[in-house]
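Engineer: Give the three-dimensional model of this entry:
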Amino acid sequence: MTKIDVGSKESMTKLDRNVRKEISDLKLNLKQKTDKRNSAKQKLKRSSSESKLNRDADSLDFASSNLFKSKSSRLIDDTSLIKTYLKNQTPIRMYNSVPTQHMPPLHITNQDEVKKKFIEQKIPPVLKFKADERSIKNIVNKHSKTNFEHFFKAKSILDTVKSKYPNLINYYEANFGQKITSIKCVDLIGKYLGENKISGDLTISFAPGLTCSGRITSYMQNKNDPSTRKFSIWINDGEENQFLRKDGIISLCDHEIGTHYFRSYNDGLQIWFNERKKFGLRTTNSVELLQTEEGLAALNTLINANLKYLFLPALLYYMACVADRMTFEQLYNHMEKYIEIPEERWKLVTRVKRGISDPYKIGSYSRDQSYFHGAIDILQNLDNVDFVTLMSGKICLDECDRIKRIARVNSLKIPKFMKDMQSYKEKLRTIGIINGIIEPKPNEKLKKGSVIVEKISHIDKNQREILPINFKESSLTSIEIKRYINREIVSKTKNTVEHRPEVTDNNSSLCIII
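Structural biologist: Numbering: from 1, shown residues only. Reported below is the predicted structural model:
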């Protein structure tokens with residue numbers, strides 16, 4: 001064997017040794033990475049990308065790592081987010097905008113464009129929606145009939161709140177506290193989930209541009225197995241969301257999680273889950289169920305709020321009533337007396353005018369009247385409502401007695417604020433009395449937002465914080481209320497009537513100059 005052959009052989013042996021060592025090192029590194037991945041039970045997602053976390057939060061270098069960077073370019077570098085995730089094992093997602101698959105059919109697709117032109121140049125907006133024209137028509141027709149039954153109740157609440165809080169921001173601060181960041185929201189939601197013993201049951205998703213302040217979504221991996229459902233709470237973290245406050249986020253959780261999530265989860269435990277028709281229950285998309293669902297949620301929103309006025313439900317109800325007789329611009333201008341913030345007013349007006357592309361057309365999308373209407377139904381029947389049965393699933397108020405015997409209540413999940421049922425009902429009664437929906441007993445009076453029962457039979461009416469119930473106004477018919485709204489329109493527009501088209505309502509003999 002020549003020296004060249006010997007040298008070549010030694011070189012090959014050395015190379016083989018190095019290759020084997022590199023392979024061994026790669027396998028070791030791969031095993032270590034796999035072990036780290038398996039140690040985290042869930043994933044923390046930022047938009048479509050994912051980041052794996054080690055359980056030991058102290059060992060992570062938050063300042064220098066790219067842990068929270070994603071394709072959405074949203075960056076969070078606060079350790080409280082990490083600690084919340086590691087403590088509660090709750091997945092957290094943050095988006096730059098609402099993902100297309102999570103947009104509702106009536107999501108406005110050209111909002112930024114028409115909003116700027118309307119607010120700055122007063123150009124009436126021609127709204128465009130995600131759904132096609134035929135789908136929009138079907139959705140709007142279902143909620144095209146406006147209810148006027150509680151018009152003056154709603155107006156009375158709005159006027160009372162306006163007299164106490166001339167500036168809407170003052171009302172929000174008094175009710176929900178100071179504004180907080182999304183990071184702080186995550187921490188408070190994590191604590192809320194822990195207190196209700198549902199840590200890890202929901203994914204927390206933040207996205208600006210939602211048509212609402214928040215909502216619960218779910219999907220089933222197996223349609224016949226409700227245990228495969230996955231829930232998420234979506235929160236609008238845009239500047240216009242007034243629930244992003246110290247106390248407001250808890251009220252939002254009481255609405256979305258404490259009501260919608262718990263009722264939806266419990267519904268999956270019941271024998272009627274896939275057979276509602278067999279047990280005589282209305283469909284999950286019925287108007288009656290919507291009123292019970294949103295009415296209960298509206299009341300629960302106020303359980304931990306600082307003020308007990310049904311202001312937002314009353315506002316949506318009132319807006320739907322006046323929108324039934326007003327164009328987009330008229331409604332926007334009319335609501336300035338209650339909502340002086342242009343951004344907030346735009347959000348609510350577009351919500352009531354969903355599905356209506358023509359800015360000169362009168363009419364409203366009255367779905368949001370269900371909050372106020374449903375809340376009144378529950379408060380007026382407060383003594384007869386079985387709230388445990390009502391929380392057992394997606395059922396209407398008038399269906400409780402029928403399914404009470406078959407409802408599985410032993411394994412229900414109930415929100416923390418409802419554990420003490422007597423205290424819960426007392427809070428609801430307080431809400432009813434403050435808003436003029438429930439007549440107080442002779443020995444009941446309000447003190448610092450709570451109902452105090454006294455032994456005396458006389459109460460000074462001048463010191464009560466209770467809204468007056470105007471029986472003359474509350475007994476008016478829908479036609480009379482429409483005429484009242486028409487007079488409001490005429491008084492606002494008499495100086496500019498020559499610049500407005502004439503619109504005739506085919507459903508009545510009233511001709512309106514708008």
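Engineer: For the stretch 201-350 of the chain, which segments are assigned as helices?
Structural biologist: Applying DSSP state H, counting those that start in this stretch to the stretch 201-350 of the chain gives helices spanning 248-255, 262-267, 287-301, 311-323, 328-334, 342-352.
Engineer: name the helices or strands packed onto the longest one?
Structural biologist: On a contact count with 3 or more C-beta pairs under 8 Å, 6 or more residues apart in numbering; DSSP states H and E, helix 287-301 meets helix 248-255, helix 311-323, helix 369-380. All C-beta spots, glycine's among them, are computed from the backbone N, C-alpha and C.
Engineer: which stretches of the stretch 51-200 of the chain aren't confidently modelled?
Structural biologist: Applying pLDDT under 70 to the stretch 51-200 of the chain picks out residues 51-89.
Engineer: now the strands: where do they sit in it?
Structural biologist: 92-94 (DSSP state E, counting those that start in this stretch).
Engineer: Out of the helices and strands packed on helix 287-301, which is closest to Lys184?
Structural biologist: Lys184 lies closest to helix 248-255 among those, at 8.1 Å (C-beta to C-beta).
Engineer: So for the residue lying closest to Ile433 once chain neighbours are set aside, what's the pLDDT?
Structural biologist: Ranked by C-beta to C-beta, 6 or more residues apart in numbering and with sequence neighbours excluded, the top spatial neighbour of Ile433 is Pro440, at 4.9 Å. With respect to pLDDT, Pro440 scores 87.
Engineer: And for Gly280, the neighbour number?
Structural biologist: 10 (other C-beta atoms under 10 Å).
Engineer: show me what contacts it?
Structural biologist: When contacts are counted by C-beta atoms under 8 Å, 6 or more residues apart in numbering, Gly280 is found next to 399, 402.
Engineer: Let's have the helices of the stretch 201-350 of the chain in CSV, adding mean pLDDT.
Structural biologist: Formatted as CSV, the helices of the stretch 201-350 of the chain follow (pLDDT from 0 to 100):
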stretch, mean pLDDT
helix 248-255, 97
helix 262-267, 96
helix 287-301, 97
helix 311-323, 97
helix 328-334, 95
helix 342-352, 93
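Engineer: Tell me which of the ones you listed sits nearest to Phe387.
Structural biologist: For the helices of the stretch 201-350 of the chain, the distance to Phe387 is smallest for helix 287-301, at 8.5 Å, taking C-beta to C-beta.
Engineer: Please save the CA atoms from that closest one in CSV.
Structural biologist: C-alpha atoms of helix 287-301 as CSV (Å, rounded to 0.1, in the frame of the first residue of the first chain):
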residue,chain,number,x,y,z
VAL,A,287,-85.9,35.3,17.3
GLU,A,288,-87.3,34.1,20.6
LEU,A,289,-84.1,32.4,21.6
LEU,A,290,-82.1,35.4,20.5
GLN,A,291,-84.1,37.6,22.9
THR,A,292,-83.6,35.3,25.8
GLU,A,293,-79.9,34.8,25.1
GLU,A,294,-79.0,38.4,24.6
GLY,A,295,-81.4,39.7,27.2
LEU,A,296,-79.8,37.5,29.9
ALA,A,297,-76.3,38.5,28.6
ALA,A,298,-77.3,42.2,28.8
LEU,A,299,-78.3,41.8,32.4
ASN,A,300,-75.2,39.8,33.3
THR,A,301,-73.1,42.6,31.8
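Engineer: for the residue most central in space within the chain, what are its contacts?
Structural biologist: Closest to where the C-alpha atoms of the chain average out (C-alpha atoms, centre = their mean) is Gly214, at 3.1 Å. For Gly214, the contact set (C-beta under 8 Å, 6+ apart) comprises 233-236, 241, 243, 252, 255-256.
Engineer: if we go to 7 Å?
Structural biologist: Residues in contact with Gly214 (C-beta atoms under 7 Å, 6 or more residues apart in numbering) are 233-236, 243, 252, 256.
Engineer: thinking again about what came up before, my assumption is that the residue nearest to Ile433 lies in a helix; please confirm.
Structural biologist: No: under DSSP: H, G, I helix; E, B strand; the rest coil, Pro440 sits outside any helix and is assigned coil.
Engineer: Determine the number of other residues adjacent to it.
Structural biologist: Pro440 has 19 nearby residues by other C-beta under 10 Å.
Engineer: Kindly report the same for the one 5 residues further on.
Structural biologist: When neighbours are counted by other C-beta under 10 Å, Lys445 registers 21.
Engineer: for Pro342, same thing?
Structural biologist: 14.
Engineer: measure it to Glu256 for me?
Structural biologist: Separation of Pro342 from Glu256 (C-beta to C-beta, to the nearest Å) stands at 27 Å.
Engineer: if we can go back for a sec, can you list the helices and strands packed on helix 287-301 in TSV and add distance to Gly280?
Structural biologist: TSV is the format used below for the helices and strands packed on helix 287-301 (distance: least, C-beta to C-beta, whole Å):
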stretch	distance to Gly280
helix 248-255	29
helix 311-323	29
helix 369-380	20
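Engineer: of those, which approaches Ile414 most closely?
Structural biologist: The closest of those to Ile414 is helix 248-255. By C-beta to C-beta, the value is 12.6 Å.
Engineer: Next, the buried residues of stretch 173-193.
Structural biologist: 173, 175-177, 179-180, 182, 184-193 (16 or more other C-beta atoms under 10 Å).
Engineer: Quick check: closest non-adjacent residue to Phe176.
Structural biologist: Leaving aside its chain neighbours, Phe176 sits nearest to Gly248 (3.0 Å; criterion: C-beta to C-beta, 6+ apart).
Engineer: contacting residues around the one you found?
Structural biologist: Residues in contact with Gly248, defined by C-beta under 7 Å, 6+ apart, are 176-177, 242.
Engineer: Check Leu348 too.
Structural biologist: Here Leu348 is in contact with 315, 319, 339 (C-beta under 7 Å, 6+ apart).
Engineer: swap in Leu281?
Structural biologist: With C-beta under 7 Å, 6+ apart, Leu281 has these contacts: 272, 395, 399.
Engineer: do Phe262 as well
Structural biologist: 391, 413-415.
Engineer: from memory Asp254 sits against Lys416, does it?
Structural biologist: No: between Asp254 and Lys416 there is no contact under C-beta atoms under 7 Å: 9.4 Å.
Engineer: Between these two, tell me which one has more neighbours.
Structural biologist: The residue with more neighbours, out of Asp254 and Lys416, is Asp254; 23 against 13, by other C-beta under 10 Å.
Engineer: if you skip the residues just before and after it, what's nearest to that one?
Structural biologist: Of all residues not flanking Asp254 in the chain, Asn300 sits nearest, at 4.7 Å (C-beta to C-beta, 6+ apart).
Engineer: list the contacts for the one you found?
Structural biologist: With C-beta under 7 Å, 6+ apart, Asn300 has these contacts: 254-255, 258-259.
Engineer: switch to 8 Å and redo it
Structural biologist: Counted by C-beta under 8 Å, 6+ apart, Asn300 has contacts 254-255, 258-259, 415, 417.
Engineer: before we move on, what about Met326?
Structural biologist: 334, 362, 485, 489, 514.
Engineer: For these, name the two members farthest from one another.
Structural biologist: His334 and Ile362 (12.4 Å).
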